[in-house]
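compute the structure for the input listed below.
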Amino acid sequence: METFATETRPDSTALFSTEDFSEWRNAISQAFVPLNVRAEHTENFVGSIRSRFMGDILVSEITARAHHVERTPALIARSEKRYYKLSLQLAGTGLLVQDGREATLQPGDIAIYDTDRPYTLAFDADFRCLVVMFPQGMIDLPREAVGRLTATRIAGDEGLTRMVGPFLTHLAKNLDRLSGHAGVRLLHNTLDLVTTVLHSELDARGGESHANHRATRVQEIRAYIDEHLSDPDLSPAGIAAVNFISTRHLHGIFKDQDVTVSAWIRGRRLEHCRRDLADSLYFNTSVAMVGARWGFMDASHFSRLFRATFGQTPSDFRAQEMEDFRRTRQSH
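Numbers count the residues shown, from 1 in each chain. Model (predicted):
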């Protein structure tokens with residue numbers, strides 16, 4: 001991920017502040033994804049970013065004076081990974097444009113946007129916002145469903161946002177307290193809340209359209225997969241049979257999500273294994289047992305898949321997490 005936050009210890013907050021707009025322009029692209037950044041008045045510019053990088057999730061509080069950012073097709077072509085960015089307006093006003101829609105965000109409002117498609121963000125006066133950036137596979141909604149909500153204002157004083165919004169605001173105020181596995185788990189729970197808000201918005205806006213029905217179907221199948229990840233015999237044929245569809249139809253549904261059924265199962269299993277390996281509650285459980293707990297019965301195969309996905313063996317990853325855990329406890 002392109003972020004200066006990753007250069008700091010995983011249990012610390014990255015701080016950046018500048019009065020130089022050129023420095024700000026570079027920092028914004030480093031903190032998130034490559035962006036074009038411009039401002040009409042740069043002589044009195046002030047901006048700051050407080051960031052916390054936990055697992056694959058980046059949480060940032062941004063405070064700055066007026067400027068615009070743009071994500072272009074050329075910049076998208078330079079990026080390998082797909083992220084969503086969730087923005088909570090804390091102060092001032094922001095204008096988000098993506099997929100032919102515009103959302104004017106007031107304090108308390110939230111919106112989601114896709115870094116894999118062009119967008120612009122305009123702030124015409126001083127502002128403050130919370131941005132949560134995460135890989136698209138971390139929320140349990142089809143990309144096509146999220147695509148119907150990009151650049152859509154989700155009002156802070158209505159529906160579930162009235163409950164989730166204050167939680168996100170409190171998160172912004174307490175970035176320094178996010179640490180270790182508890183912090184990672186809290187952020188994953190935060191994404192679960194965000195998914196619930198998005199699902200509620202889809203229901204409220206779309207009724208029982210064909211697209212919504214299909215999105216609900218995908219959600220149900222993914223939920224079934226998550227409930228049975230520990231079963232080593234989990235397979236596309238079995239999933240299709242339980243959900244009363246053909247295996248061909250199942251593969252077609254996942255093809256629309258730009259992933260195969262087997263790759264989705266494998267990715268979800270690996271993510272759960274990584275969470276357990278980082279959890280102090282499982283430090284005394286062997287790596288092989290952690291893999292088997294989530295359906296990887298061949299320890300060598302599990303180790304190869306983990307390394308190919310995360311860049312290090314599960315044993316090395318756990319050793320790093322144990323050292324971070326020990327260091328955090330000593331600092332307290």
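
report pLDDT for F4.
What the model reports as pLDDT for F4 is 41.

then L141?
79.

can you count the residues close to it?
Using other CB atoms under 10 Å, L141 has 23 other residues around it. The C-beta positions use only the backbone N, C-alpha and C, and glycine is treated the same way.

which strand or helix spans it?
Assigning secondary structure by DSSP states H and E places L141 outside every helix and strand.

give the contact list for it.
195, 198-199, 215, 219 (CB atoms under 8 Å, 6 or more residues apart in numbering).

same thing but 10 Å
84, 112, 147, 149, 194-196, 198-199, 202, 215, 218-219, 222, 257 (CB atoms under 10 Å, 6 or more residues apart in numbering).

and for L187?
52, 54-59, 132, 134, 138, 171, 178.

how many neighbouring residues does A241 have?
By other CB under 10 Å, 13 other residues sit near A241.

before we move on, what about the one 4 residues further on?
By the criterion of other CB under 10 Å, I245 has 15 neighbours.

equivalent analysis for L234, please.
Neighbours of L234 (other CB under 10 Å): 18.

measure it to I28 for me?
Per CB to CB, to the nearest Å, L234 is found 42 Å from I28.

please apply the same query to T190.
23 Å.

show the subsequent helix or strand relative to the helix or strand of the chain with the lowest mean pLDDT.
Scoring the helices and strands of the chain by mean pLDDT, DSSP states H and E places helix 210-227 at the bottom, with a mean of 77. Sequence order places helix 236-242 as the next helix or strand after helix 210-227, per DSSP H and E.

ok, which stretches of the stretch 51-200 of the chain are strands?
Applying DSSP state E, counting those that start in this stretch to the stretch 51-200 of the chain gives strands spanning 57-64, 67-71, 83-91, 94-98, 101-105, 110-114, 119-123, 127-135.

verify the stated contact: R148 with L202.
Yes - with contact defined as CB atoms under 10 Å, R148 reaches L202; the gap is 6.8 Å.

which residues does G291 contact?
Contacts of G291 by CB under 10 Å, 6+ apart are 269-270, 273, 276-277, 297-303, 305-306, 314.

so which of the residues you listed belong to helices?
269-270, 273, 276-277, 299-303, 305-306, 314 (DSSP state H).

point to the residue nearest the middle of this protein.
By CA atoms, centre = their mean, the chain has its centre lying nearest to F134, at 2.1 Å.

per-residue confidence for the residue nearest to it when sequence neighbours are not counted?
Of all residues not flanking F134 in the chain, I57 sits nearest, at 4.7 Å (CB to CB, 6 or more residues apart in numbering). Note for I57: predicted pLDDT of 86.

tell me which element the nearest residue to A299 once chain neighbours are set aside is part of?
Using CB to CB, 6+ apart and skipping the chain neighbours, the partner closest in space to A299 is A288 (4.0 Å). In this structure, A288 sits in helix 287-293 according to DSSP H and E.

just the buried positions in that helix, please.
Using 16 or more other CB atoms under 10 Å as the test for burial, helix 287-293 gives 287-288, 290-293.

please apply the same query to stretch 181-193.
Under the neighbour-count criterion of 16+ other CB under 10 Å, stretch 181-193 has 181, 183-184, 186-188, 190-191 buried.

got it, and stretch 56-73?
Applying a neighbour-count criterion of 16+ other CB under 10 Å, one finds 56-65, 67-69, 71 buried in stretch 56-73.

for the residues you listed, which one is nearest S246?
Lowest distance from S246 to the buried residues of stretch 56-73 (CB to CB) belongs to D56, with 33.8 Å.
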